[in-house]
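[1] dropping the sequence and predicted coords here.
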Amino acid sequence: MLKYLVMVVQNLLAAAVLLAAAAASLEKDPVEQADRSVMVGRKKWLAAGCGAGVVFALALAVLKHTTVLINREYWNFGILSATLISGVAFLAFLWGFLKRQSPKAQETGLRAAGAVFCCSLLFYALPDIFLAPTEFVMAGESVFSTDFLYKLIGYLAGLALACGWGAVLSKTAAGLTRAALFTIVTAGAAIHMTDSALRVAQSLYARRVIPSSKFLFDILKNAVNYRDFFLYAIMAVTFLVPLLCWFVSTGQPTGFRNPAERRKSKAAARKARRRCVAVVCCHAFALFTLTAVKAYNEREVVLSPIEPAETVEDEIRIPADVVGDGHLHRFAYTASDGTEVRFIAIKKNESAYGVGLDACDICGPTGYYERKDEVICKLCDVVMNKSTIGFKGGCNPVPLAYTLENGRMVIQIAHLENEKGRFK
């Protein structure tokens, strides 16, 4: 559950916050006496951009899941490049830097740049989120399980937090002055575009398009190691929205024509402060999710100790009653070159055992552990279906042949010697 909560929040939060701020900024028309039709037109373009981003991301997720035609590195390069170009254009039109154009051309440019910017934000953020539910159910499992329910709850909670925060932030930001809102939008977009530029540079550097240099390598290395700080920086910038809005709402306006106008003004101020509280609560919960919850979810799992096993000539013999309690048991054999080859065994039912290496073809020799009567892959946190342990496929342990003789589980040492390369 926590894994998918953290994943959704981490991937979607920046896009949701920037979309909210961009939507609010488009309500602040640079031209005085703004026509309502202008606002309606901007909203339609923004909605079209968001819709296109969702559709494109869904199509990319489907293609990635069903085919091998998608090279995500190339797609990310194109999407991030579009984010950079449209982001710069959007900010330029927003601030009115391109004044030589006609008002109609400026308006069209603002709408188009804003739509492409929002589209690229969602196009980049959503594919992995759309693919996450494909991991909820392993082969042979049912959707009617507690594990599936917990994963779904974490996934939906992350979506609710990101979308809810974006919605209330947009409403709150609309109460700021044009200069304050534009400054916040510019700062947040600049941080995100810096991150995007570094990702593009990283791709070009890896492909040797950019000449190698120690200075650039150090920059890109730090950008990768401290990538979360870009998200924290965007959160810090957008935290100014509720602070400024609260300050504005506590002012004492004057010049009311009658008591009804005064009451209406006070009610609007109370409503604005409630939205500020909601934004701060969302901010606090997101920060808690990205720090404490993430640290707890990614805490180091200690594998259970190696249990003793009898070695007789070219066989390893384990009493069947030792592994007959239905729990995970870990054993090891020291190969001829000194490599420790680990393997696990668990009783699946009254007549069958699951025996395999403490490694899989996908995650390598990271090992498996038991949590609440479930066998979990240490690296990817995928829950194994006990009935499939001993068979190939997915993240299952690499099967290991065994026989039952006189109440003992017998494993040939030659089979373990053949697999020692997995544990080097």
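    Thanks, I have the structure now. The structure displayed is predicted, hence computed values, not measured ones.

[2] residues in contact with stretch 157-173: which ones?
    4-9, 12-13, 16-17, 19-21, 23-25, 129, 181, 184, 238, 241-242, 245, 272, 275-276, 278-279, 282-283, 285-286, 289 (CB atoms under 8 Å, 6 or more residues apart in numbering). (Glycine included, C-beta is placed from N, CA and C.)

[3] so, low pLDDT: which residues of the stretch 1-150 of the chain?
    Residues of the stretch 1-150 of the chain that meet the criterion pLDDT under 70 lie in 29-36, 98-101, 138-143.

[4] about what we covered before: in helices only, show me the contacts of stretch 157-173.
    Among the contacts of stretch 157-173, DSSP state H puts 4-9, 12-13, 16-17, 19-21, 23-25, 129, 181, 184, 238, 241-242, 245, 272, 275-276, 278-279, 282-283, 285-286 in helices.

[5] can you give me the strands in the protein?
    310-312, 315-319, 329-334, 340-347, 353-357, 368-371, 374-377, 383-384, 403-405, 408-412 (DSSP state E).

[6] dump these to JSON lines, plus mean pLDDT.
    Converted to JSON lines, these look like this (pLDDT from 0 to 100):
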{"stretch": "strand 310-312", "mean pLDDT": "86"}
{"stretch": "strand 315-319", "mean pLDDT": "89"}
{"stretch": "strand 329-334", "mean pLDDT": "91"}
{"stretch": "strand 340-347", "mean pLDDT": "90"}
{"stretch": "strand 353-357", "mean pLDDT": "89"}
{"stretch": "strand 368-371", "mean pLDDT": "87"}
{"stretch": "strand 374-377", "mean pLDDT": "85"}
{"stretch": "strand 383-384", "mean pLDDT": "79"}
{"stretch": "strand 403-405", "mean pLDDT": "87"}
{"stretch": "strand 408-412", "mean pLDDT": "89"}
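
[7] mind putting those strands into TSV with distance to residue 68 and mean neighbour count?
    Output for those, formatted as TSV (distance: least, CB to CB, whole Å; neighbours: other CB atoms under 10 Å):
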stretch	distance to residue 68	mean neighbour count
strand 310-312	43	11
strand 315-319	39	17
strand 329-334	35	18
strand 340-347	31	22
strand 353-357	27	22
strand 368-371	28	19
strand 374-377	23	19
strand 383-384	25	22
strand 403-405	38	11
strand 408-412	36	19
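
[8] tabulate those strands (a markdown table), appending distance to residue 422.
    Output for those, formatted as a markdown table (distance: least, CB to CB, whole Å):
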| stretch | distance to residue 422 |
| --- | --- |
| strand 310-312 | 20 |
| strand 315-319 | 17 |
| strand 329-334 | 13 |
| strand 340-347 | 8 |
| strand 353-357 | 7 |
| strand 368-371 | 14 |
| strand 374-377 | 15 |
| strand 383-384 | 18 |
| strand 403-405 | 22 |
| strand 408-412 | 16 |
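
[9] quick one: closest of those to residue 420.
    For those, the distance to residue 420 is smallest for strand 340-347, at 5.2 Å, taking CB to CB.

[10] walk me through which strands the closest one pairs with, and which way each runs.
    strand 329-334 (antiparallel), strand 353-357 (antiparallel) (DSSP bridges).

[11] list of residues touching the longest one?
    By CB under 8 Å, 6+ apart, the surrounding residues in contact with strand 329-334 are 303-307, 309, 311, 316, 318, 322-323, 340-346, 358, 367, 413, 416.

[12] tell me where the protein has helices.
    Using DSSP H, helices in the chain cover 2-25, 36-66, 72-95, 103-131, 146-173, 178-206, 214-225, 228-238, 240-249, 259-288, 294-297, 413-418.
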